[in-house]
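**Student:** mind looking at a prediction? Sequence and model below.
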Amino acid sequence: MLDLPKASEEVSFVEFRRKVRSAEVLSPAMEKLLRLLHFTGRVSVVVQNGRVLKSGYEEGYFRQREPANL
């Protein structure tokens, strides 16, 4: 699997958080960010009368570590 450089990964995570805060969680770009980050948490959206009232996420973001040689 291709690992993102740390700086690029941090930029992607900041963009992910920005999209959650601005309620852009249903876009294809958001799905791409989730894949790039290997995000395994929960993203929630509250909608009323067709408008997004609230969006957020529960951190389940874990970076896969390389197996240790024993």
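**Tutor:** Ah, there it is.
**Student:** residue contacts, the spatially most central residue of the chain?
**Tutor:** Central residue of the chain (Cα atoms, centre = their mean): L34, 4.1 Å from the mean position. Going by Cβ atoms under 8 Å, 6 or more residues apart in numbering, L34 touches 16, 43. Heads up, the C-betas are built off the backbone N, CA and C, glycines and all.
**Student:** give me phi/psi at the nearest residue to G56 once chain neighbours are set aside?
**Tutor:** Leaving out its chain neighbours, the residue that sits closest to G56 by Cβ to Cβ, 6 or more residues apart in numbering is S44, at 5.6 Å. With angles defined as degrees, to the nearest 10, S44 sits at phi -120, psi 150.
**Student:** surely S44 touches V52?
**Tutor:** No: contact criterion Cβ atoms under 8 Å: S44 and V52 do not qualify, at 10.7 Å.
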